[in-house]
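Engineer: Requesting a structural model of the entry that follows:
(chains A and B)
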There are 2 protein chains.
Amino acid sequence: MSEPSTPLTLPKGFQTAALAAGIKPSGKTDLSTVISETDCVWAFAGTRSTTAAACVTRNRDLYAAGGPVRALVVNAGNANAATGKRGARDNADLADALGSVLNVDMNGVLTASTGIIGHPLPMDRVLSGVEHLPEDLTDDAAAFASAIMTTDLRPKTASAQLSAGLPGGARIVGVAKGSGMIHPDMATMFAFVFTDAAVDGPGLRAAFSAVVARTFNAVTVDGDTSTNDMAMVLANGQAGEVALHDFLPALETVMRDLARQIARDGEGATRLLTVRVSGALTEAEALTAARTCCVSPLLKSAVHGNDPNWGRVIMAVGRSGAAVNIEGMTVAVQGNPVFAGKPLPYDDAAVSQSMKAEEVVFEIDLGVGGASGEAWGCDLSAEYVSINADYTT
Amino acid sequence: MSEPSTPLTLPKGFQTAALAAGIKPSGKTDLSTVISETDCVWAFAGTRSTTAAACVTRNRDLYAAGGPVRALVVNAGNANAATGKRGARDNADLADALGSVLNVDMNGVLTASTGIIGHPLPMDRVLSGVEHLPEDLTDDAAAFASAIMTTDLRPKTASAQLSAGLPGGARIVGVAKGSGMIHPDMATMFAFVFTDAAVDGPGLRAAFSAVVARTFNAVTVDGDTSTNDMAMVLANGQAGEVALHDFLPALETVMRDLARQIARDGEGATRLLTVRVSGALTEAEALTAARTCCVSPLLKSAVHGNDPNWGRVIMAVGRSGAAVNIEGMTVAVQGNPVFAGKPLPYDDAAVSQSMKAEEVVFEIDLGVGGASGEAWGCDLSAEYVSINADYTT
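Structural biologist: Below is the predicted model:
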């Protein structure tokens, strides 16, 4: 399942543990936790789905209440979504159980579930697993990244170093999962970020959604939004104060790195698709146009075939609804201008050759304003679908 | 290219012709027309794309001007989209040329182009083709349906009979094209409907967009919206008056039939996916929820695999943004209830067996209101993508 990963230490005061509780029939690791020695200020963003799972709903309620948190518990193999009132109770019981073991208020325990929709959690096995979860704690973030993988091919981590009041400074360590592909009920994306920086809680909360919009929400793989998607940052302050204007750019760098890793890690995906949009009326419109390009099956298949078919960019931008002045619009593929209000002459073979790279970049100027945005996706290969389209019960 | 099709006569006063003008390198038929002996009242809907092609923009302007029309000219092989000012001139020249040959005002000639984006029309060949176009007129609607095919596997026609003042009554004949698939720049959908009924023009114009919303716009194949999509109805009145309350339901039946044919006719698609949503707050929300289900790669692949994986319905509805009360929500697959606020027990093998049908129907009640809507798509097979994802220049 997991390839060997580079060791990465969690920030000061954070520890993690994982075990196989028996939620997955395969017997693989399916229950994990990250625990902070001390209270964390935090920020949260959950799926926009109107059928959000119990874990998203409960975390959102706790976030609205505004209290600190101490721990996160993650299960794989079962999304506990569309499971009705029983699902909400089971989710609360999961948090309560870890709270009891840690001697922490259950309202300080966040939950995250990923896996199949519409099946109740096997609570006997889950609760028994939670009992044993804190027995073998480690500070290895890579172990946590591996433990939360479902169909991911690679564990996803990113980190940043910050200056802070205490010796050694503060750190940000992020961990994500996301299959980045069409896959049976497993497309949930998680991004968990931990830091020992002491940051202003209200300021972090106020800024977080914009950072998520430019990073986690700028990844698009198949247009399907999970019932369980979430991103969060937990800050325990153990390394001393860091001003938000220093912290937020580093947080965005870490989350952007994770987002790109999610986009790149699709089964069958052979390269990263990056779409940069400028000249938009607003950042939101720039992001919408960039995301619409990244989700377009036509553009994704063009990327797979090294086909500089910029007509598909025109189509996708048009479909996005973002304001555009086609006479002032420009498109470049891997740095080669191909459209500027009208088709430009270019060397098809040379541009196609330039697309045979790990990352294929489209740059689009909408010609109507000064805002910009960037989104990431992956190519669409026959392998990608042949693996997943023929999945049967 | 085309399979033998059942003869279908155009309504009174309409004739058609087609030829190979040399726009397609293959030498296949690529230029066609439908001409009415007398003026038509008409209604029109074009793509919502902000990068709409010249033909859509010009038809829209003529529609706003409100005059009658006499003819439609269609070219395949070249979309004349993203071709700048030259493209707009070429499109007007095409209409002007047919108008001259027919001795009709060019503002009475509508245009429709489909094919590759970003290449100028080869106007010498196009204009030479138009000269000869009306030489071999016929009343065979099936010939027109075949002439406008690009990657379609089957010509698409539908018709309805109406009572009217004159002997024989009035008729509605519809013709559509649409590849219903991921395909290189050829995914444009056209629906052209002709009738000899005399109908109230302003009333038809007022009603048309709602009919399009429930039919043509309820087809979704890969989420990509063409720069050239359009639907229109032309009524020349030669068969006598028909009241709108009789005409509109028949028009909707014809357009719905065409929409379902477009959804079914995807390369690699093996069955029709129908999603019926009820209990919505508004018809628009019902249609959005149904369409989101039909475009979901996860649900489409479940249909291909005969997998009654209703969790993907929950996911897709949640993603659509339509208001839903999950505790009052119900889902049925091929008539089998699988979810009613919580997972229901069902015979997985039996439900899977029931999905091995030409049409797979999901019925979803959102549990919040009284509005309903229906959308159509197709399954996602490995063949479907392997054909198209590996397309290269």
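Engineer: Could you use CA atoms for every contact and neighbour count after this?
Structural biologist: Fine.
Engineer: for the residue nearest to residue A:259 when sequence neighbours are not counted, what are its contacts?
Structural biologist: Here the nearest residue to residue A:259 in space, its sequence neighbours aside, is residue A:216; by C-alpha to C-alpha, 6 or more residues apart in numbering or on different chains that works out to 5.3 Å. Remark: with contacts taken as C-alpha atoms under 8 Å, 6 or more residues apart in numbering or on different chains, residue A:216 is in contact with A:191, A:231, A:255, A:256, A:258, A:259.
Engineer: Read off the pLDDT value for residue A:216.
Structural biologist: Per-residue confidence at residue A:216 stands at 80 (pLDDT).
Engineer: Residue A:324 now?
Structural biologist: Residue A:324 carries a pLDDT score of 93 in this model.
Engineer: Other residues contacting the helix or strand residue A:259 falls within?
Structural biologist: Element membership of residue A:259 [criterion: DSSP states H and E] is helix A:244-264. Where contact means C-alpha under 8 Å, 6+ apart, the residues beyond helix A:244-264 that reach it are A:156-162, A:172-180, A:191, A:193, A:199-200, A:203-204, A:207, A:211-212, A:214-216, A:218-221, A:270-273, A:376-378.
Engineer: Mind checking which of the residues you listed are buried?
Structural biologist: The neighbour-count test (16 or more other C-alpha atoms under 10 Å in any protein chain shown) marks A:156-159, A:162, A:172-180, A:191, A:193, A:199-200, A:204, A:211-212, A:214-216, A:218-221, A:270-273, A:376-378 as buried among these.
Engineer: Now intersect those with the strands, please.
Structural biologist: Helix and strand membership here follows DSSP state E; of the buried ones among the contacts of helix A:244-264, those in strands are A:156-159, A:162, A:172-177, A:191, A:193, A:272-273, A:376-378.
Engineer: Low-confidence stretches in the stretch 151-300 of chain A?
Structural biologist: Residues of the stretch 151-300 of chain A that meet the criterion pLDDT under 70 lie in A:165, A:179-188, A:220-225, A:266-268.
Engineer: Tell me who's in contact with the residue nearest to residue A:96 when sequence neighbours are not counted.
Structural biologist: Across the structure, with C-alpha to C-alpha, 6+ apart as the measure, the residue nearest residue A:96 apart from its sequence neighbours is residue A:106 (4.8 Å). Residue A:106 makes contact with A:95, A:96, A:97, A:98, A:99, A:100 under the criterion C-alpha under 8 Å, 6+ apart.
Engineer: Repeat the analysis, applying 10 Å as the threshold.
Structural biologist: By C-alpha atoms under 10 Å, 6 or more residues apart in numbering or on different chains, the residues touching residue A:106 are A:69, A:70, A:71, A:92, A:93, A:94, A:95, A:96, A:97, A:98, A:99, A:100.
Engineer: ok, those residues vs residue A:288, which is closest?
Structural biologist: Distance ranking of the contacts of residue A:106 against residue A:288, using C-alpha to C-alpha, places residue A:69 first at 33.1 Å.
Engineer: how far away is the closest residue to that closest one other than its chain neighbours from residue A:72?
Structural biologist: In space, and not counting its chain neighbours, residue A:69 is closest to residue A:108: 3.9 Å by C-alpha to C-alpha, 6+ apart. Taking C-alpha to C-alpha, to the nearest Å as the measure, residue A:108 and residue A:72 are separated by 9 Å.
Engineer: Name the residues contacting each of these two.
Structural biologist: In terms of C-alpha under 10 Å, 6+ apart, residue A:108 and residue A:72 are both contacted by the residues A:95, A:98, A:99.
Engineer: can you pick the most crowded of these?
Structural biologist: Note: the member of the shared contacts of residue A:108 and residue A:72 with the most neighbours is residue A:98, at 27 neighbours, neighbours being other C-alpha atoms under 10 Å in any protein chain shown.
Engineer: picking up where we left off before, check the contacts of residue A:216 and tell me the two furthest apart.
Structural biologist: Taking C-alpha to C-alpha, the two most distant members of those are A:231 and A:256; they sit 12.1 Å apart.
Engineer: For the two, list the residues in contact with both.
Structural biologist: When contacts are counted by C-alpha under 10 Å, 6+ apart, residue A:231 and residue A:256 have A:212, A:216 as shared neighbours.
Engineer: got a pLDDT number for the residue located most distally from the centre of chain A?
Structural biologist: The centre of chain A is farthest from one residue, residue A:345, which by C-alpha atoms, centre = their mean lies 38.7 Å away. Here the pLDDT value assigned to residue A:345 is 92.
Engineer: mind listing what it touches?
Structural biologist: Applying C-alpha under 10 Å, 6+ apart, one finds that residue A:345 lies in contact with A:337, A:338, A:339.
Engineer: Out of those, which sit inside strands?
Structural biologist: Filtering the contacts of residue A:345 for membership in strands, criterion DSSP E, returns A:337, A:338, A:339.
Engineer: how about the strands in chain A?
Structural biologist: A:14-19, A:31-46, A:69-78, A:109-116, A:156-162, A:170-177, A:190-195, A:230-235, A:272-280, A:330-333, A:336-340, A:359-365, A:371-378.
Engineer: Show me the one of these that comes nearest residue B:14.
Structural biologist: Of all these, strand A:336-340 sits nearest to residue B:14, with 40.7 Å by C-alpha to C-alpha.
Engineer: pull the CA atoms of that closest one into PDB?
Structural biologist: Only the C-alpha atoms of strand A:336-340 are listed here, as PDB (Å, rounded to 0.1, in the frame of the first residue of the first chain):
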ATOM      1  CA  ASN A 336       4.200  28.800 -26.100                       C
ATOM      2  CA  PRO A 337       1.600  31.400 -27.100                       C
ATOM      3  CA  VAL A 338      -1.200  29.700 -29.100                       C
ATOM      4  CA  PHE A 339      -4.100  32.200 -29.000                       C
ATOM      5  CA  ALA A 340      -4.300  35.900 -28.700                       C
END
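Engineer: how close does residue A:235 get to residue B:71?
Structural biologist: When C-alpha to C-alpha is the yardstick, residue A:235 and residue B:71 sit 68 Å from each other.
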